[in-house]
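> the following block contains a protein sequence and its predicted model.
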Amino acid sequence: MKELLELFWIFCKTGAVTFGGGYAMLPMFQNELVYKRHWVTEEEILDYYAIGQCTPGIIAVNTATFVGYKRKGVSGALIATAGIVFPSLVIITIIAAFIQNFADLEIVQNAFEGIRVAVSVLIANAVINLWKSGVKDKAGVFAFFVVLVMSLWFNLSPILIVIFAVLFGVIIMKVKRRGERP
Amino acid sequence: MTYLLLFYEFFKTGLFAIGGGMATIPFLYEISQRYPAWFSEAMILDMIAISESTPGPIGINMATYAGFRTAGVLGGVVATTGLVLPSIIIIIIIANFLERFKDSQLVKDAFYGLRPAVTALIAAAGFNVIKVSLLNLDLYQTSGMLSNVFNIKGILLFAVLFFLTNKIERHPVVYIGAAALFGVCTGNIF
């Protein structure tokens, strides 16, 4: 019971103080889980992150689930995940309630007009970074533009796009390996 | 009934949004088209701004905000639960054969196709965002004047912020705050 509470508290704390999502949390996880408590090794944390990137869902949540499961099985996984989610749930609910009451004020509307431009910039930067790390060759460029057209003009569901992209990757790599073999 | 739908929609998002917080944006657009009463496309932008300016994982913040706007406090809880449940299930399964998953060629191959696709999905969402923040399509349609299409103030701010974010690395909340201030100060001038 004590360890379950500790699990909740550690992840709750991390969720409450780190801005900016999964990557910002990595140093905090290393400090709490590796150096202070020796619950997991440095390598395990990096493994969790690598897997977090290639499984659905949010990296920070996946890491919490992993650590919780390793310590206390399924109940540990649930408690750790609840911990990391809890602060957001409280903070965002308060903000959302607050905004609902002030959304009609002219000053708030003007502020959001500026904020939307900032969000456009953040998304543009995210796309540029993802392009640099993920689009490596002609097949990648091809996949990018096909998905862009499908999504913008044909409104194809992102779910179908994700499924097709997985199939595309697996097939292209199979063909490539076959070509390399003498 | 709304709770069940919220849970279902965010469960799907959690299952298919691979690769971090921004990857949830295309799914939010799909939801807003299917359920216009829940939240509008413009509201997605506000959600992103709020999520980026508050602590916690961005995906979670977006689910909570969208759920709350749609169905109150319980709606926020239900949407968030829906979003994290697929990860919990998948991670518990993977934790049992971690080594094999880590070195799996199939997983690496799948990612070869997934990375460009996710980039394009977020880019497409970005176009929709830009449409709302930098163009005045409504004004153009009512006035018919081509010069009204572009939101000059927005485009100027975009150029300046784009330059600054790539020159000086600061937390997004700094730029969001500066843009809000700019919006308030110039709100009645242009």
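That came in fine, so what should we check first? Keep in mind the model is a prediction, meaning the values are calculated, not measured.
> state the distance from B:Gly67 to chain A.
Distance from B:Gly67 to chain A, counting by CB to the nearest CB, to the nearest Å: 9 Å. In this view, the C-beta of every residue, glycine as well, is placed from N, C-alpha and C.
> surely that residue meets B:Thr80?
Yes: counting by CB atoms under 8 Å, B:Gly67 touches B:Thr80, with 6.5 Å between them.
> quick one: common contacting residues for these two?
B:Phe10 (CB atoms under 8 Å, 6 or more residues apart in numbering or on different chains).
> what's the pLDDT at B:Gly59?
We have a pLDDT of 80 for B:Gly59.
> hang on, A:Trp39 packs against A:Tyr69?
No: A:Trp39 lies out of contact with A:Tyr69 (CB under 8 Å); the separation is 11.8 Å.
> looking at these two, which is more packed in?
A:Tyr69 (22 against 17; other CB atoms under 10 Å in any protein chain shown).
> could you check how far that one is from A:Ala80?
8 Å (CB to CB, to the nearest Å).
> residue ranges with poor pLDDT in chain A?
Counting by pLDDT under 70, chain A contains low-confidence ranges at A:18-24, A:53-54, A:181-182.
> can you give me the helices in chain A?
Taking DSSP state H as the criterion, chain A carries its helices at A:2-17, A:22-29, A:42-53, A:59-102, A:106-134, A:138-152, A:158-180.
> closest one to B:Ile155 among those helices?
helix A:106-134 (8.4 Å; CB to CB).
> check whether the closest one contacts chain B.
Yes: looking at helix A:106-134 against chain B by CB under 8 Å from any CB of the partner chain, the contacts come from A:106-107, A:109-127, A:130-131, A:133-134.
> is it possible to mark the buried ones in these?
Using 16 or more other CB atoms under 10 Å in any protein chain shown as the burial test, these include A:110-127, A:130-131, A:134 as buried.
> centroid residue for chain A?
Geometric centre of chain A, nearest residue: A:Ile58, 3.5 Å, by CA atoms, centre = their mean.
> now swap in chain B and tell me
Nearest to the geometric centre of chain B sits B:Ile25, at 3.2 Å (CA atoms, centre = their mean).
> doesn't that one belong to a strand?
No: counting by DSSP: H, G, I helix; E, B strand; the rest coil, B:Ile25 is not found in a strand; it is helix.
> just give the closest residue to it, not the sequence neighbours.
Of all residues not flanking B:Ile25 in the chain, B:Ala125 sits nearest, at 4.3 Å (CB to CB, 6 or more residues apart in numbering or on different chains).
> in which helix or strand would I find the one you found?
Under the criterion of DSSP states H and E, B:Ala125 resides in helix B:105-134.
> just the buried positions in that helix, please.
The neighbour-count check on helix B:105-134 (16+ other CB under 10 Å) flags B:107, B:109-126, B:128-130, B:132-134 as buried.
> against chain B, how distant is the residue nearest to the centre of chain A?
Taken as CB to the nearest CB, the span from A:Ile58 to chain B is 4 Å.
> quick one: that residue and B:Leu85 touch, right?
No: between A:Ile58 and B:Leu85 there is no contact under CB under 8 Å: 11.9 Å.
> for A:Val108, which non-adjacent residue is closest in space?
Per CB to CB, 6+ apart, closest to A:Val108 is A:Phe102, 5.0 Å.
> so the one you found is in contact with A:Phe112, correct?
No: taking contacts as CB under 8 Å, A:Phe102 lies outside contact range of A:Phe112: 10.5 Å.
> domains of chain A?
A:2-101, A:135-182 (automatic domain parsing).
> I'd like those domains written out as JSON lines, with distance to B:Ala37 added.
Converted to JSON lines, the domains of chain A look like this (distance: least, CB to CB, whole Å):
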{"stretch": "domain A:2-101", "distance to B:Ala37": "15"}
{"stretch": "domain A:135-182", "distance to B:Ala37": "19"}
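> deepest of those domains, which one?
Ranked by mean neighbour count, these are led by domain A:2-101 with a mean of 19 (mean count of other CB atoms under 10 Å in any protein chain shown).
> roughly how far is it from the heart of the chain?
Per CA atoms, centre = their mean, to the nearest Å, the displacement of domain A:2-101 from the mean C-alpha position of its chain is 12 Å.
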